[in-house]
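Asks: Sequence first, then the predicted structure, then my questions.
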Amino acid sequence: MAMNGGFLLLLQLAGINLSCATVFRLYGLKPGGAVYARGKRRVFPIALSLSALALALLLSVQFLITDSPDLLRSSRTQRAVTVIENVVDGDPYVSLVESEVRFTRASISDQNTLLSTVYVQPRKGQNISASSTSRRLTKEIQNQLLAEGFNVTPLVSVTVLEPPE
């Protein structure tokens with residue numbers, strides 16, 4: 001957890017440094033000006049290049065080199081929600097009520113676990129078996145998450161809710 005936190009801190013500092021330098025330059029803060037008289041003109045392009053290089057390197061480590069979802073949890077969570085919505089929207093018998101997706105703690109059985117809770121209700125005029133629909137949707141969602149290339153163990157719970165009559 002400390003390593004992931006440190007990495008995210010470096011990534012944020014590199015982004016802040018690059019954006020602040022750009023904004024300061026756009027608003028007229030230049031070396032040798034009235035506000036900052038001791039600056040050297042060649043330092044800004046060098047510092048800007050180093051900041052951009054550091055940001056690009058950190059982003060490439062996050063998105064290209066890392067296979068585990070430790071540094072990509074929030075974006076993978078959003079992608080998983082989209083996959084679940086697509087699977088349920090494609091089902092002619094049920095409608096999606098709510099879905100919640102999150103990663104469990106990192107040290108569970110040496111696996112990356114994606115925990116999903118999905119609530120659906122039958123479409124109007126559909127008489128369905130809650131248990132068979134739950135099992136069918138659970139398998140469809142798990143298979144789709146694995147087919148999408150998630151490097152996780154998807155644990156999915158589908159609950160079929162019955163509206164009042």
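Replies: That came through, no problem.
Asks: Which positions in stretch 138-149 come out as buried?
Replies: For stretch 138-149, the neighbour count (16 or more other Cβ atoms under 10 Å) marks 138, 140-142, 144-145 as buried. Any C-beta I mention is one placed from the backbone N, CA and C, and that applies to glycine too.
Asks: Return the closest of these with respect to residue 78.
Replies: Closest approach between the buried residues of stretch 138-149 and residue 78, by Cβ to Cβ: residue 145, at 13.1 Å.
Asks: helices and strands around the longest helix along the chain, which ones?
Replies: In the chain, with assignment by DSSP state H, the single longest helix is helix 2-26. Counting by 3 or more Cβ pairs under 8 Å, 6 or more residues apart in numbering; DSSP states H and E, the packing neighbours recorded for helix 2-26 are helix 43-60.
Asks: Next secondary structure after the helix it packs on?
Replies: helix 73-89 (DSSP states H and E).
Asks: can I get the CA coordinates of that next one in PDB?
Replies: What follows is helix 73-89 as a C-alpha-only set of coordinates in PDB (Å, rounded to 0.1, in the frame of the first residue of the first chain):
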ATOM      1  CA  ARG A  73      -8.200   0.200  -9.600                       C
ATOM      2  CA  SER A  74     -10.500   3.100 -10.200                       C
ATOM      3  CA  SER A  75     -10.300   3.000 -14.000                       C
ATOM      4  CA  ARG A  76     -10.800  -0.800 -14.000                       C
ATOM      5  CA  THR A  77     -13.700  -0.500 -11.600                       C
ATOM      6  CA  GLN A  78     -15.400   1.900 -14.000                       C
ATOM      7  CA  ARG A  79     -14.700  -0.400 -16.900                       C
ATOM      8  CA  ALA A  80     -16.200  -3.300 -15.000                       C
ATOM      9  CA  VAL A  81     -19.300  -1.300 -14.200                       C
ATOM     10  CA  THR A  82     -19.700  -0.700 -17.900                       C
ATOM     11  CA  VAL A  83     -19.300  -4.400 -18.700                       C
ATOM     12  CA  ILE A  84     -21.900  -5.300 -16.200                       C
ATOM     13  CA  GLU A  85     -24.300  -2.700 -17.500                       C
ATOM     14  CA  ASN A  86     -23.900  -4.000 -21.100                       C
ATOM     15  CA  VAL A  87     -24.500  -7.600 -20.000                       C
ATOM     16  CA  VAL A  88     -27.600  -6.800 -18.100                       C
ATOM     17  CA  ASP A  89     -28.900  -4.400 -20.800                       C
END
